[in-house]
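Q: Generate a structure from the sequence data that follows.
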Amino acid sequence: MDHTFFATISRMKYINRWALMRNTREENLSEHALETAVIAHALCVIGNRRFGKDLDEKEAALIGMYHDASEIITGDMPTPVKYCNGEIRDAYKAVEEHAQDTLLARLPEDLRPDYEEIFQGTGTEKDRYLRRLVKAADKLSALIKCIEEEKSGNEEFKTAMESTKKAVDAMQEELPEVRVFCEEFLPPYGRTLDELS
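A: Sure, this is the predicted structure:
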């Protein structure tokens, strides 16, 4: 029997993000997932080294890689639509959960539990904190996209930049790892290659 999970996951490269906005450079779901995984890993390393936490940075990277995999089935729902009211938010959450179940069903039964844990978590306090960091990494990735678009002269992302920055600022209050990332690592984004050298 053919199992289509990985072939389906490989289609993340065909899902474009920010579809309702004019982009100077399109971003696909694969790119976003990798950036989110890299940042989630970094947030955990910061938490462990700077704040004495015991976070599993590899697990965070894995969660980051798969955090939006359901969008292969649902597409990328624009944030203003997804969160415009509680009823739509809850309905979309149910659609996302169904999409995740659909993806997981494409695995053989003996492998499924390992991926269910990545997709759905364990429910422990440590897992919930890790997922908050992945959510923060997701927001930071969105903020980075806004910064890059703004630096390219694209005014289309002005409102998205403001709302995303506000969300990231709120996360800095509760997650010290995010504050450190914003202070030490966020400023160089949008610079030219020569400026980074």
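Q: so where's the protein shaky on pLDDT?
A: By pLDDT under 70, the low-scoring segments of the chain are 78, 80-81.
Q: Quick one: the helices in it, in order.
A: Assigned helices in the chain, in chain order: 5-9, 29-51, 57-66, 71-74, 79-82, 86-104, 112-120, 125-151, 158-174, 176-184, 193-196 (criterion: DSSP state H).
Q: quick one: which of those is nearest Trp18?
A: helix 125-151 (7.0 Å; CB to CB). (Each C-beta comes from the backbone N, C-alpha and C, glycine too.)
Q: and the angle for that closest one with helix 57-66?
A: 50 degrees (axes from the mean of the first three to the mean of the last three CA atoms, to 10 degrees).
Q: Return the distance of helix 125-151 from the chain's centre.
A: Relative to its chain's centre, helix 125-151 lies at 6 Å (CA atoms, centre = their mean, to the nearest Å).
Q: how about the helices of the chain in CSV, adding mean neighbour count and distance to Ile15?
A: Shown next, in CSV, are the helices of the chain (neighbours: other CB atoms under 10 Å; distance: least, CB to CB, whole Å):
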stretch, mean neighbour count, distance to Ile15
helix 5-9, 14, 11
helix 29-51, 20, 4
helix 57-66, 21, 13
helix 71-74, 17, 5
helix 79-82, 13, 15
helix 86-104, 14, 12
helix 112-120, 14, 17
helix 125-151, 20, 15
helix 158-174, 15, 18
helix 176-184, 18, 26
helix 193-196, 7, 28
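Q: quick one, which of those is nearest to Leu20?
A: Of all the helices of the chain, the one in closest proximity to Leu20, counting by CB to CB, is helix 79-82 (8.3 Å).
Q: quick one: the most centrally placed residue in the chain from Leu196, how far?
A: Closest residue to the average C-alpha location of the chain: Asp138 at 3.0 Å, with CA atoms, centre = their mean. Asp138 is 23 Å from Leu196, where distance means CB to CB, to the nearest Å.
Q: just Pro187 next, same as before
A: 11 Å.
Q: Could you find the closest non-adjacent residue to the residue nearest to the centre of the chain?
A: Spatial nearest neighbour of Asp138, chain neighbours left out: Thr36 (5.1 Å); criterion: CB to CB, 6 or more residues apart in numbering.
Q: The one you found against Leu133, yeah?
A: No - Thr36 lies out of contact with Leu133 (CB atoms under 8 Å); the separation is 10.4 Å.
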